[in-house]
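Asks: With the sequence up front, the predicted model follows.
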Amino acid sequence: MMKTALTIAGSDSSGGAGIQADMKTMTANGVYAMSAITALTAQNTTGVMSIMEVSKEFLEQQLDSIFTDIYPDAVKIGMVPSPDLIRAIADKLEYYHAKNIVIDPVMIATSGSRLIREETINIMKDKLFPHGALLTPNLWEASVLSGITIRDEMDMVRAAELLSKEYGCAVLCKGGHSEKNANDLLYYDKKYRWFIGERIHNLNTHGTGCTLSSAIAAELAKGKDLEEAIQLAKEYVTGALEAMLDLGKGNGPLNHMWNIKQEDIL
Ligand SMILES: Nc1ncnc2c1ncn2[C@@H]1O[C@H](COP(=O)(O)OP(=O)(O)O)[C@@H](O)[C@H]1O
Ligand SMILES: Cc1ncc(COP(=O)(O)O)c(N)n1
């Protein structure tokens, strides 16, 4: 039986991040993908023009529709713009006993545009993080969430450790924005492990975080343990960056289909 995964996130009209990246990633990694949309963005590789949030009631209806029919084996959460939507998600996850929850605490797009309201951050910490199996902040998000200025790899460990202890979940501090390499740090159960990545010279990184967290959710849905899921997801993102797709005028999207052979589709 095919495994299933759900993304709760914002739509990216340019298809490189958000819901669209998540569904492509889950599909390319062999699970059936479903979505609950928190907001529509009018966005491309150069920036976000506009955001339209869905109502709390409509998000709840999407979640009820999904959980009462095709139960997801894993859930990825991305952009959630408002405190009300965070509360609605937290309540539904609890009510339906959702499992394998990966939270990507999205705040700002690669293009620099703000995606969630400032007041959402504290509610996200209090209401959502305790439900997560894994949190996947980038360097900047880990800094904002932990209050620790991250200058080097030991700071990444300190920030991940603090967040992991505070919220009782595993934390993957992503190093995609560090200058030297692309090493990601996992902290959980009072221990840490590095996932080593070489920096790929590709400016088209729109959606890397969405892609990584969805790939992890897909692997968890298939029954992989956390470390194996992260390792496989990192290999998938690396391949999608190495495929050197070059679209759009700004930081373009990845090639999510790099691991699918054309002859398999045709
Ligand atoms: N230039 C790059 N070369 C190799 N890996 C990268 C590069 N940029 C990002 N990554 C990887 O992509 C994933 C997402 O990380 P990051 O870009 O830091 O997240 P976000 O999109 O949330 O800012 C991580 O595994 C990171 O190491
Ligand atoms: C709707 C939406 N969600 C998330 C991101 C973040 O993208 P990235 O993975 O590049 O940080 C985005 N640009 N748009």
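Replies: That came through fine. Numbers count the residues shown, from 1 in each chain. Ligands and ions are numbered 1, 2, ... in the order given.

Asks: What helix or strand is whichever residue of the stretch 151-266 of the chain sits closest to ligand 2 located in?
Replies: Distance from ligand 2 to each residue of the stretch 151-266 of the chain (C-beta to the nearest ligand atom) is smallest for Gly209, at 3.4 Å. Heads up, the C-betas are built off the backbone N, CA and C, glycines and all. Element membership for Gly209, per DSSP states H and E: helix 208-221.

Asks: Enumerate the residues of the chain near ligand 1.
Replies: Applying C-beta under 6 Å from any ligand atom, we find that the chain lies next to ligand 1 at 110, 138, 174-177, 182, 184, 197, 199-200, 202, 205, 208-209, 212, 234, 237-238, 241.

Asks: Show the buried residues in those.
Replies: 110, 138, 174-176, 182, 184, 197, 200, 202, 205, 208-209, 212, 234, 237-238, 241 (16 or more other C-beta atoms under 10 Å).

Asks: export the lengthiest strand in the chain as CSV, just CAs?
Replies: Ranked by residue count, the top strand of the chain under DSSP state E comes out as strand 32-44. These are the backbone C-alpha positions of strand 32-44, laid out as CSV (Å, rounded to 0.1, in the frame of the first residue of the first chain):
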residue,chain,number,x,y,z
TYR,A,32,1.1,10.1,-2.1
ALA,A,33,1.0,13.8,-1.5
MET,A,34,-1.9,15.9,0.0
SER,A,35,-2.1,19.6,0.9
ALA,A,36,-3.9,21.9,3.3
ILE,A,37,-3.2,25.5,2.1
THR,A,38,-2.7,28.2,4.7
ALA,A,39,-2.2,31.1,2.3
LEU,A,40,-1.9,32.0,-1.4
THR,A,41,1.2,33.9,-2.4
ALA,A,42,1.6,35.9,-5.6
GLN,A,43,5.3,35.2,-5.8
ASN,A,44,8.2,34.5,-8.2
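
Asks: Counting neighbours, which bits of it end up buried?
Replies: So strand 32-44, judged by 16+ other C-beta under 10 Å, has buried residues Tyr32, Ala33, Met34, Ser35, Ala36, Ile37, Thr38, Ala39, Leu40, Thr41, Gln43, Asn44.

Asks: can you tell me which of those residues are up against ligand 2?
Replies: Thr41, Gln43.

Asks: nearest to ligand 1, of the buried residues of strand 32-44?
Replies: Once C-beta to the nearest ligand atom is applied, the member of the buried residues of strand 32-44 that ends up nearest ligand 1 is Gln43, at 14.1 Å.
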